[in-house]
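In: got a sequence here, can you build the structure:
(4 chains)
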Number of protein chains: 4
Amino acid sequence: MKTVAFIGLGNMGGPMAKNLVKQGFQVRAFDLVQAALDDIASAGAYAANSAQDAAEGADVVVSMLPAGKHVKSLYLGENGLINLLNDNALVIDSSTIDAASAIEVGKALNEKGIQFVDAPVSGGVGGAVAGTLTFIVGGSQASFDAAKPVLDAMGKHIFHAGDVGAGQVAKICNNMLLSILMVGTSEALNMGINNGLDPKVLSEIMMQSSGRNWTLELYNPCPDVMENVPSSNDYQGGFMVDLMKKDLGLAQQTAMDSASATPMGTLANSLYTMLSNQGSGKKDFSSIFELLKSEQK
Amino acid sequence: MKTVAFIGLGNMGGPMAKNLVKQGFQVRAFDLVQAALDDIASAGAYAANSAQDAAEGADVVVSMLPAGKHVKSLYLGENGLINLLNDNALVIDSSTIDAASAIEVGKALNEKGIQFVDAPVSGGVGGAVAGTLTFIVGGSQASFDAAKPVLDAMGKHIFHAGDVGAGQVAKICNNMLLSILMVGTSEALNMGINNGLDPKVLSEIMMQSSGRNWTLELYNPCPDVMENVPSSNDYQGGFMVDLMKKDLGLAQQTAMDSASATPMGTLANSLYTMLSNQGSGKKDFSSIFELLKSEQK
Amino acid sequence: MKTVAFIGLGNMGGPMAKNLVKQGFQVRAFDLVQAALDDIASAGAYAANSAQDAAEGADVVVSMLPAGKHVKSLYLGENGLINLLNDNALVIDSSTIDAASAIEVGKALNEKGIQFVDAPVSGGVGGAVAGTLTFIVGGSQASFDAAKPVLDAMGKHIFHAGDVGAGQVAKICNNMLLSILMVGTSEALNMGINNGLDPKVLSEIMMQSSGRNWTLELYNPCPDVMENVPSSNDYQGGFMVDLMKKDLGLAQQTAMDSASATPMGTLANSLYTMLSNQGSGKKDFSSIFELLKSEQK
Amino acid sequence: MKTVAFIGLGNMGGPMAKNLVKQGFQVRAFDLVQAALDDIASAGAYAANSAQDAAEGADVVVSMLPAGKHVKSLYLGENGLINLLNDNALVIDSSTIDAASAIEVGKALNEKGIQFVDAPVSGGVGGAVAGTLTFIVGGSQASFDAAKPVLDAMGKHIFHAGDVGAGQVAKICNNMLLSILMVGTSEALNMGINNGLDPKVLSEIMMQSSGRNWTLELYNPCPDVMENVPSSNDYQGGFMVDLMKKDLGLAQQTAMDSASATPMGTLANSLYTMLSNQGSGKKDFSSIFELLKSEQK
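Out: As a prediction, this is how the structure comes out:
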């Protein structure tokens, strides 16, 4: 079985690495936090001393890092893995970063004969633990095919979005759209409530009409319309406002770099920034419903 | 079988009245346009000389008119039907109008013992002809129950949204949300295309992710992603920009009257107004995709 | 000297009527509130028993009422003044109302030979007391000339905006623009502060550059940049958020009626609605600065 | 007299360098374009072979480059001037770039004892030729004092905005606000015109009321209200849409980096991106008036 170096064992990376161990991969893991290393070691992985130590001789490297600068530094910086990996190695970067950084790293690795895919995930910590993540992958067909068995060990839906960088672009398009669905649905529900409608009834009507969307299906932002969603639990859990704000920042960067007009995406960015500035950064992103509603209601 | 007076035989009203005839109702129809009267007469209805003539002795009145002022005039104006209808009559107004007008008319009729529901439709001319419209109904449970058999003869989905006026509110909430879905989806697809993605692939990915919504399912705004949608037919047919602009105007009225903050709804209104002002008022509303895309592409 | 009937003696109308008395007009005043009547009587006006009593035989009627429906009722409703005024009378409506209502009233009066101008004011209670209001007038040149001496007794700047209704349109255009200046200036100052700039220095630089606008000149929204403005007094006094919200509602109505695209005006409306809903309706409208700023700062 | 190295002789830099020559500075100039070098040489400057050649022994370096990456490369890149300049040298970067890059360069130079100010300009090519530019300067008081005589030779208004980077921030705050003034004024004028008002009359009224702003004073966006402005010359000349788009991009970057909510600034960015995408990138930025107006008018 293949040897996989796993760099970045946070809330997402840790359980993803464990699933690789479970599926029989030889995992050489590294993180700057010792507790994360201890945890993965107890699950059966080799706890490396450094990213370089982890990557030494690996067939595949998977990285799960916070931002483009960390990814660039890991692969292209001083002691970058680019100088250490085998010619036939495969790099899978599952971080959510700007497409420009993904393309820069992918291009540099490809020039050395190393395969690269950007493969950002969605599905949250729950999906990471359960091995049911969605991966949106950018890279050549050959690289995608090579990455598929590794991704299958950690996820359920594996999409091939296009060439290197396309995974990041597709994810950010999706999440920008998601934020718009969430704000729009919140506006519609609030306006209905302010006019005396029952939010459950209105949700059901729109769900079966042309207003249907993912948030009405699975993630209603109005408290007590659905069970087991953050809005019915004081907006705890779920996908934090500050993470959505990060993704909307990447979306604006992508829009500017490509001269794309995204009036609703930028408005969503402003609204989520206001919400975060008012102290709700750690709440679930469906709490935008609260920003819009009337105080008295 | 019951006698139904049908007032307003336009593109929608005409086929709706015919379906009532087909289902065995005795229909007394009126419209200001003689050709519409001739048409409904040939289908088996009585072509009345006036709205008053049509409503004389009817069990039910169905009206399908352009705006609140027409509805108010029909029922409450000079020679208004309010003075002519039986105590146990039922009025179904299927016009899409402002909720305030619906409530004013409903209240006045109720005070005279006449039942009233506002029952705006969606589904377009195709749905009117096929008898598959969706009705979103506001009124008491008793009035809803009384209206149900009549509506069943013209539609497929009949929702009870709440008290008088709730039908109009729910429809306008839904259509405001629909416009937001359409703009947001167009923004996401354009940004993807501008970054080299195939819109079919991106649509498929978002469709299976948290960006899923009615427009991706059934009404993709990007040409040649779906067959048999307006975007693949030069934005002909479908639901006109100017009709969406009308609905967004009603939504803004509703938002203002209820002090509801609808930042994306108002932005959609501005964008559709710009689109209409640029000469696209008669195109399908998915042509907002064209307003956002780059000239060179 | 001419006899002036004054209808509506609120915070604005009361001091305006007193200035007419001071300038030697014979004033016949009416209001539904007895205290307001007593007050104007002690200032030397005749306290009428009704609007009809006040208007009986008057050369000029000035009205200062909350909304279009009140103005329409006063002149065109049951016992409307239209049936009581002399042929050569002049009506000056200084209420801030929708242009459509002003045009409806003006047209009806003109058809009876009665002159009409819409003459909304700006300048606040302070300007009403000091007699330094600005009047923005719509009506024929002859009506404007006839109204000028009366308006001069209450104000300092008298503009002729165009035909009947133009006064309302011009005022609402101005106030919509004012709201945009206020939000935009608040955004710029906040962004500067968040990047370490001194708001006084930044205000001074923009004031002398192409960002110059009325709010930087006279009404800086950032606390302690200027003395004697609401922002330096906990946003007390000045022009209330809820009044700006009312004007932005009229602006949206005007925009919709004329198919005008006003993306920033509608956004301002949404933001002021949010601000009001968060409980700041009675604060000065420069408190939009607070909605935008970061919590921690 | 001091020796000034001038790097970047484009439309702005060329005439700025000439003004330094005229004021008696010894200018050592460099640009990648030979024609620009020939031109400055004929004006009396030394045409250097490279940036390094120009900077050799200079007391002051002035740079005028397109973007942050060029500035970073010039000073901190391979053969960066940081390794070549005297300890007591002064660097003035007049490029309009992101504040983060300015701060990075300034900090690095300061650590080597080299003084640095960021000093972006406004005033356009006309101001560059006439020596009447406005400079908005970031840096220590000592560095500002040192730069003042050099800037005086090229400009008329020299503002000290704060520490290093503050010049860039203040300029971008101002230009973001300017774009908002321009869009808002265009909306108000269009709405007035659509309701029958004369744009000259409306402009005059708002100019003397609370809507007053720089665009109404000097740069009215409606054709034929003012003489000698781009709007009266088919939107030729002036400040190009694409340059405003660049500045709004920097503003969005600054807003995101500082978690600042700028809903109108982001909306302006979207509208200018749409305008550019529709083919108006080379027109003056007041042509946003055209994007908003009705086709028929």
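In: and the closest residue to residue A:11 other than its chain neighbours, which of the three is it?
Out: Counting by C-beta to C-beta, 6 or more residues apart in numbering or on different chains, residue A:125 is the residue found nearest to residue A:11 once chain neighbours are left out, at 5.2 Å. Yep, even glycine has a C-beta here, placed from its N, CA and C like the rest. Residue A:125 falls in the helix class when you classify it by DSSP: H, G, I helix; E, B strand; the rest coil.
In: how many residues are close by residue A:125?
Out: Counted with other C-beta atoms under 10 Å in any protein chain shown, the burial measure for residue A:125 works out to 13 neighbours.
In: now the one 5 residues further on
Out: By other C-beta under 10 Å, 14 other residues sit near residue A:130.
In: surely residue A:142 and residue A:115 touch.
Out: Yes. At 7.2 Å, residue A:142 counts as touching residue A:115 under the criterion of C-beta atoms under 8 Å.
In: those two: who's more crowded?
Out: Here residue A:142 and residue A:115 are set side by side on neighbour count (other C-beta under 10 Å), and the busier one is residue A:115, at 24 against 10.
In: roughly how far does that one sit from residue C:73?
Out: Taken as C-beta to C-beta, to the nearest Å, the spacing of residue A:115 relative to residue C:73 amounts to 78 Å.
In: repeat that for residue A:244.
Out: Taking C-beta to C-beta as the measure, residue A:244 and residue C:73 are separated by 49 Å.
In: returning to what we had before: mind listing what the residue nearest to residue A:11 touches?
Out: Each residue near residue A:125 by C-beta atoms under 8 Å, 6 or more residues apart in numbering or on different chains is listed here: A:11, A:12, A:15.
In: what of residue A:124?
Out: If you count contacts by C-beta under 8 Å, 6+ apart, then residue A:124 has A:238, A:239 around it.
In: let's see that with 6 Å instead.
Out: Residue A:124 is in contact with no residue at all, counting by C-beta atoms under 6 Å, 6 or more residues apart in numbering or on different chains.
In: can you check the one 5 residues further on too?
Out: Counting by C-beta under 6 Å, 6+ apart, residue A:129 touches residue A:15.
In: repeat that for residue A:25.
Out: For residue A:25, counting by C-beta under 6 Å, 6+ apart, the contacting residues are A:1, A:2, A:4.
In: up against chain B, what does the stretch 51-200 of chain A have?
Out: Selection of the stretch 51-200 of chain A residues close to chain B by C-beta under 6 Å from any C-beta of the partner chain yields A:159, A:162, A:166, A:169-170, A:173-174, A:176-178, A:180-181, A:183-184, A:187-188, A:190-192, A:194-195, A:197.
In: try 8 Å this time
Out: Applying the criterion C-beta under 8 Å from any C-beta of the partner chain, the portion of the stretch 51-200 of chain A that neighbours chain B consists of A:99, A:122, A:134, A:136, A:157, A:159-163, A:165-166, A:169-170, A:173-178, A:180-181, A:183-185, A:187-192, A:194-198.
In: out of those residues, which sit inside helices?
Out: Applying DSSP state H to those, the entries found in helices are A:99, A:166, A:169-170, A:173-178, A:180-181, A:183-185, A:187-192, A:194.
In: which residues sit against the top strand by length along chain A?
Out: Looking only at chain A and at elements set by DSSP state E, the strand with the highest residue count is strand A:155-162. When contacts are defined by C-beta under 8 Å, 6+ apart, strand A:155-162 is touched by residues A:121, A:123, A:127, A:131-138, A:141, A:144, A:148, A:151-152, A:167, A:169-170, B:196-198, B:201-202, B:204-205, B:208.
In: figure out how far it is from the centre of its chain.
Out: When C-alpha coordinates are averaged (C-alpha atoms, centre = their mean, to the nearest Å), strand A:155-162 and its chain have centres 13 Å apart.
In: just stretch A:231-240 next, same as before
Out: Per C-alpha atoms, centre = their mean, the displacement of stretch A:231-240 from the mean C-alpha position of its chain is 18 Å.
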